[in-house]
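Trainee: Sharing a model that was predicted from the sequence below.
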Amino acid sequence: MTEPVLALRGISKRFGEVVVAEDLDLTVAPGEAIGIVGPNGAGKSTLFSMIAGEQKPDSGAISMLGRDISSLPAQDRTRIGIGRTFQIPRPFEGMSVFENLLVFATSGAGLHGHAAYTRAAETGERVGLGDVLNAQAGSLGLLARKRLELARGLASDPTVLLLDEVAGGLTEPEVADLVELIRGVQQEGLAIVWIEHVVHALTQTVRRLACLAGGRLIADGDPFEVLDDPVVREVYLGTTLTTEEDTA
Amino acid sequence: MQILDALAQGILLGGLYTLFAVGLSIMFGVMRIVNLAHGDFAILAAFLAILLVGETSFPVWLVVAITVPAFAAIGYFLQRTLFQQSLNSGPLSTLLVTFGMSIVIQNALLEAFSANPQRLDVGQLATASFPVGPIAIPYIGVLGLMLAILCIVAIELFLRRTATGRMTRAVSDDPDTARLTGANSRHIYGLATGIAFGAVAIAGLLLAARSSVEPTAGSMRLIFAFEAVVIGGLGSLWGTLVGGLSLGVVQTLVAHFDPSSSILAGHLLFLLVLAFRPQGLIPARSL
């Protein structure tokens, strides 16, 4: 059996009375794409923050390719291959798109000089920002910011990419473009963990879906079976989860 | 003709103000630290150089070559220790810490060097000038302006063309995200402070070379530097140059008509900019 690219064991985290993770286990196989759904405030983004090393879980261990990374600071986790995007895009606004990517290619992927330039330009082209590489990141619209967020995740040459609601707020054709892009990335062997409210974007991409609620994974498996699960429907009380619906 | 002379002197004075302001601008731009001891560090550098010249037989250029890098190193060290500590406990404490340092430096200098004004002996350079038409341009003024522009060009090249410089801008833009990319923000902050301290040492030496300095001269220098930064636009180095030059020109032009109102005129310009163009003459989003 190959080592899981990412393994969370018994992760617990609470903010005062609010439980965002309770004895949570999750393993991601190399090249696997997993979608995570769950009601707002279920702790999805906090889960990412703990994997990326920005927040420490109260207990539990995180390992990557068999190596315990629980005590590794965030910048080292980026270097060894954990890339993430933020739900609210956070580009370096005063820098150009190209420079944004260059920063990640330099320190995230450890590239220098020409190799870093090439990687930055390529990832920019790849996500469709080729025409605006020299524009200030602060001047970009939402779609371009989301693309830049994705490109920054890719520029650091990750083994596993954490996507936090990259499709939220986009129009249907834009979502379709994005799905196309992410599928392409995944086919190159990148493992992906994708938090998303735009469920149909997930179901087009992932073969495995987990639902996070109350700090636990209440369902984990085939996307359509998970979405049909009465317990999952229950936590989305008031909203009917269908594959066509956009609940973002 | 005399107006023209005043204008030229103002521009050259503005170069000195810019040199003082560059370090302040960098520390604010990268770390959001307002270094209230900025002027005092300049005076400290000046007295250190005066001491070196007095105690050793080193030529002035060697003293400058020792003092400036030494100050850059002191800056790095201070940032990694004292300033970083105070940054961690909120923006207010950096104000308190640097204010405290200002008092400590002033009094230590008074204790060590007495209140007498002293100057750095640079020989002919301090007084020599060359004629341009009817006006005389002092070499040391030109040197100051050129150093100011050189500093800004060098720092801009560093920020825009090198990987470490880009990382500095990224850290100044969003330290949390920059940390995720693998940036060592403390080291970067140290480098930025080192650059700022190197620049302020140059400014202090130049000040002591063109006129005498006393241990308490730092406060006024801080005010001029601060005004130059704000007039030019926070976080923009070229803006700082424009701010420094405008301040120098306004002061000397007004002094031409009424010497006693010169400093006041500079403050009024600062006030006007704050009131009508608070973003500064050349506003920048970030470094």
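Mentor: Yes, it's here.
Trainee: What segments of the chain are helices?
Mentor: No chain specified, so I'll use chain A. Ranges of helices in chain A, per DSSP state H, are A:44-52, A:74-79, A:97-103, A:113-126, A:142-155, A:172-187, A:199-203, A:223-228, A:230-235.
Trainee: hmm, I had chain B in mind actually
Mentor: B:2-31, B:38-55, B:60-78, B:84-88, B:91-113, B:139-161, B:163-173, B:175-180, B:185-210, B:218-232, B:237-257, B:262-276.
Trainee: Of all those, which one is nearest residue A:172?
Mentor: Nearest to residue A:172 among the helices of chain B is helix B:175-180; the distance by CB to CB comes to 29.3 Å. Backbone N, C-alpha and C define where each C-beta goes, glycine included.
Trainee: Would you single out the least confident of the helices of chain B?
Mentor: Between the helices of chain B, the lowest average pLDDT goes to helix B:175-180, which shows a mean of 81.
Trainee: what's the closest of the helices of chain B to chain A?
Mentor: The closest of these to chain A is helix B:163-173. By CB to the nearest CB, the value is 4.0 Å.
Trainee: Output the contacting helices and strands for that closest one.
Mentor: With contacts taken as 3 or more CB pairs under 8 Å, 6 or more residues apart in numbering or on different chains; DSSP states H and E, helix B:163-173 sits against helix A:97-103, helix B:2-31, helix B:139-161, helix B:175-180, helix B:185-210.
Trainee: how close does residue A:2 sit to chain B?
Mentor: From residue A:2 across to chain B, the span is 27 Å (CB to the nearest CB, to the nearest Å).
Trainee: Next one: residue A:74 relative to residue B:98, how far apart?
Mentor: 29 Å (CB to CB, to the nearest Å).
Trainee: Mind checking which of these two has more residues around it?
Mentor: Of the pair residue A:74 and residue B:98, residue B:98 is the one with more neighbours under other CB atoms under 10 Å in any protein chain shown, namely 23 against 20.
Trainee: Who are the contact partners of the more buried one?
Mentor: B:33, B:34, B:35, B:36, B:37, B:38, B:83 (CB atoms under 8 Å, 6 or more residues apart in numbering or on different chains).
Trainee: Among those, which one lies nearest to chain A?
Mentor: Using CB to the nearest CB, residue B:33 comes nearest to chain A of those, at 18.2 Å.
Trainee: what are the phi and psi angles of the closest one?
Mentor: Dihedral pair for residue B:33: phi -100, psi 130, per degrees, to the nearest 10.
Trainee: need the contact list for it.
Mentor: Applying CB under 8 Å, 6+ apart, the residues near residue B:33 are B:27, B:83, B:87, B:94, B:98.
Trainee: Tell me which residues touch the residue in chain B sticking out farthest from the centre, please.
Mentor: Most distant from the centre of chain B: residue B:180, at 32.3 Å, with distances by CA atoms, centre = their mean. By CB under 8 Å, 6+ apart, residue B:180 lies in contact with A:52, A:54, A:74, A:75, A:78, A:84.
Trainee: of those residues, the lowest pLDDT goes to which?
Mentor: pLDDT is lowest at residue A:75 among the contacts of residue B:180; the value there is 81.
Trainee: tally of neighbours for the closest residue to that one other than its chain neighbours?
Mentor: Excluding its sequence neighbours, the residue lying closest to residue A:75 (CB to CB, 6 or more residues apart in numbering or on different chains) is residue B:182, at 4.2 Å. For residue B:182, the tally of surrounding residues (other CB under 10 Å) stands at 22.
Trainee: picking that back up, out of the helices and strands packed on helix B:163-173, which gets nearest to residue B:229?
Mentor: Closest to residue B:229 of these is helix B:2-31 (CB to CB; 4.9 Å).
Trainee: which other helices and strands contact the closest one?
Mentor: Under the contact rule (3+ CB pairs under 8 Å, 6+ apart), helix B:2-31 is packed against helix B:38-55, strand B:135-138, helix B:139-161, helix B:163-173, helix B:185-210, helix B:218-232, helix B:237-257.
Trainee: For that helix, buried residues please.
Mentor: Neighbour-count burial for helix B:2-31 flags B:5-31 (criterion: 16 or more other CB atoms under 10 Å in any protein chain shown).
Trainee: okay but residue A:81 is in contact with residue A:161, surely?
Mentor: No - in this structure, residue A:81 is not within contact of residue A:161 by CB atoms under 8 Å, at 9.3 Å.
Trainee: Between these two, tell me which one has more neighbours.
Mentor: Shown here are residue A:81 and residue A:161; by other CB under 10 Å, residue A:161 has more neighbours (23 against 20).
Trainee: quick one, what contacts that one?
Mentor: A:83, A:84, A:85, A:153, A:154, A:185, A:190, A:191, A:192, A:193.
Trainee: and it, what are its bridge partners?
Mentor: The bridge-partner assignment for residue A:161, based on DSSP bridges, gives residue A:83, residue A:192.
Trainee: so what's residue A:132 closest to, chain neighbours aside?
Mentor: Of all residues not flanking residue A:132 in the chain, residue A:97 sits nearest, at 5.6 Å (CB to CB, 6+ apart).
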